[in-house]
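S.K.: got a sequence here, can you build the structure:
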Amino acid sequence: MDSTAAAPSGGASGTSGAPHPLAPAGGCPHAGNARLLARGAVAPVVLPGGVDGMAVLGHEALKEFLAHPQVAKDAVHFTALREGRIPAGWPLATFATVRGMSTADGDDHRRLRSLVGKAFTARRVEELRPRVEELTAGLLDDLDRAASRGGGVADLRTHFALPLPMGVIGELLGVDAVFRDRLHHLSNQVVATDLGPERALAANRELVAVLGAVVAARTERPGDDLTSALIAVRDQGGDRLDDGELLGTLVLMIIAGHETTLNLVTNAVRALCGHRDQLELVRQGGASWADVVEETLRWDAPVSYFPFRYPVSDLTVGGTVVPRGTPVLAGYSAAGRDRAAHGPDADRFDVTRPGRPGATRHLSLGHGAHYCLGAPLARMESAIALERLFTRFPDLDLAVPESGLTHHCGFVGNSVRALPVRVSPDVRMSSRG
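M.R.: Numbers count the residues shown, from 1 in each chain. Below you'll find the predicted structure:
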């Protein structure tokens, strides 16, 4: 990515305007993304606490940036952090300082990724399919019961979209059910960007403590799970895994293992309920549920701005200089609607788009060496969840207007806090046969 890199999606090359303050409280990102993209593929931003950063928003610029050999993940390259200018309790600190594959480069990244990679191969994921289907069926019963208690309305996020990926990753990691609700609450706080210093520090301390309890439980009672396997590697000695990396890996696995899929399923249901013609097209065989998943990933990415990467030298990205040591956000939700890559109808939700010849592949699960390890699992879980949900409840619809939904508290995760849906009583009765 040098001076010949792709030109910005809009605006003059090399001019990104005044820094854009990212609202800690978050909200729907798309209107703001469109304004930033009109100025250029890269934008200077102000992070919480007044920390200067950059966001790469254009599809082509982001694709190159994510795979650039002069871009690092290790926070040793984060100039402001290294110089002590980042205050304690900074809400984005975990993204920079957690020890694991998400903040490692080169040999360290390959070493840590290899320790968990076998759990997410295509073959291993396919072996999980019957269990995912079983969990989905049980959760649909739970959603049905919750709707019965609520006059036909239930929160799909609470009763379906959350417990499915949390159940799957919990079983993969050997996390006892007693820990799972607390881990979701804490991980939700960790990815929030509006917490004050005291709450941010407390959430991080408790998350480490709870995961320490998980490690203690698996140390005492090893099982056929990923945590037990990692403990065994740690206890073998050598330099393959230490205590900090073990806990950091679990932090990453818990957060990435359920938050992304939770948001993906939630956003897909919102999209289909708001575009009934697209839902009908899938039912008629004009597109697949896998197509729905891919179009949702592009159109309403479950992660909006992902922290952090750091240029190890000054780079020209999309016509804009990104100084060495700058914390850079990957603007997945913006790149997904970049008209320069996805066409003039990029703002339109179209489930036939992924199947078109020459369609541009989205970047919402990353690109390059740090491509999402759990992508096959997230795709499978989401496709199964959506197909079974709308088969069981074909008339399922939002119980409140889209404008009445409240978005996440933060600009990292992109979804809504709750998704009340209405389930027809007649459909519930017929589904029981």
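S.K.: C-alpha only now, for contacts and for neighbours.
M.R.: OK.
S.K.: Val168 is in contact with Ala177, correct?
M.R.: No: because the distance of 11.0 Å does not satisfy Cα atoms under 8 Å, Ala177 is recorded as not touching Val168.
S.K.: quick one, which of the two is more surrounded?
M.R.: It is Val168, of Ala177 and Val168, that has more neighbours when counted by other Cα atoms under 10 Å, with 19 against 12.
S.K.: measure stretch 46-64 end to end?
M.R.: Stretch 46-64 has an end-to-end distance of 23 Å (Cα to Cα, to the nearest Å).
S.K.: quick one: mean pLDDT for that stretch?
M.R.: Computed over stretch 46-64, the mean pLDDT rounds to 97.
S.K.: try stretch 250-261
M.R.: Throughout stretch 250-261, pLDDT has a mean value of 93.
S.K.: for Thr249, grab phi and psi.
M.R.: Backbone torsions for Thr249, taken as degrees, to the nearest 10, come to phi -60, psi -40.
S.K.: wait, what's in contact with it?
M.R.: Arg99, Gly100, Met101 (Cα atoms under 8 Å, 6 or more residues apart in numbering).
S.K.: also Pro91?
M.R.: Pro48, Val190, Ala192, Thr193, Asp194, Leu195, Gly196, Pro197, Ala200.
S.K.: of all those, which two lie farthest apart?
M.R.: Spanning the widest gap among these are Pro48 and Val190, at 13.9 Å by Cα to Cα.
S.K.: comparing the two, which shows the higher neighbour count?
M.R.: Taking other Cα under 10 Å, Pro48 and Val190 do not tie; Val190 has more neighbours (25 against 18).
S.K.: low-confidence ranges in the stretch 1-150 of the chain?
M.R.: Counting by pLDDT under 70, the stretch 1-150 of the chain contains low-confidence ranges at 1-16.
S.K.: now the helices for the stretch 201-350 of the chain?
M.R.: 226-235, 243-274, 276-283, 289-299, 332-336, 339-342 (DSSP state H, counting those that start in this stretch).
S.K.: so which of those comes closest to Gly325?
M.R.: For those, the distance to Gly325 is smallest for helix 332-336, at 20.9 Å, taking Cα to Cα.
S.K.: contacts for that closest one next, please.
M.R.: Contacting residues not belonging to helix 332-336 are listed as 29-30, 33-34, 37, 57-59, 62, 297-306, 342, 346, 362-364 [Cα under 8 Å, 6+ apart].
S.K.: shaky segments in the stretch 201-350 of the chain?
M.R.: Along the stretch 201-350 of the chain, segments meeting pLDDT under 70 are nowhere present.
S.K.: go with 90
M.R.: Residue ranges of the stretch 201-350 of the chain with pLDDT under 90: 237-240.
S.K.: surely Ala290 meets Leu386?
M.R.: No: counting by Cα under 8 Å, Ala290 does not reach Leu386; the two are 9.4 Å apart.
S.K.: for the residue nearest the centre of the chain, give me its contacts.
M.R.: A centroid search over the chain (Cα atoms, centre = their mean) returns Thr260, at 3.4 Å, as the residue closest to the centre. When contacts are counted by Cα under 8 Å, 6+ apart, Thr260 touches Pro302, Val303, Ala378, Gly413.
S.K.: could you do Leu36 as well?
M.R.: Applying Cα under 8 Å, 6+ apart, the residues near Leu36 are Ala43, Leu57.
S.K.: my guess is it is in a helix, correct?
M.R.: Yes: following the definition DSSP: H, G, I helix; E, B strand; the rest coil, Leu36 is counted among the residues of a helix.
S.K.: just the strands in this structure please.
M.R.: 20-21, 42-47, 51-56, 71-72, 153-155, 305-311, 315-317, 320-322, 328-331, 397-398, 420-422 (DSSP state E).
S.K.: can I get the ones you listed in CSV with mean neighbour count and distance to Arg111?
M.R.: Compiled in CSV, these are given as follows (neighbours: other Cα atoms under 10 Å; distance: least, Cα to Cα, whole Å):
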stretch, mean neighbour count, distance to Arg111
strand 20-21, 16, 37
strand 42-47, 24, 31
strand 51-56, 23, 28
strand 71-72, 22, 16
strand 153-155, 23, 41
strand 305-311, 23, 19
strand 315-317, 22, 28
strand 320-322, 22, 29
strand 328-331, 27, 24
strand 397-398, 22, 45
strand 420-422, 21, 43
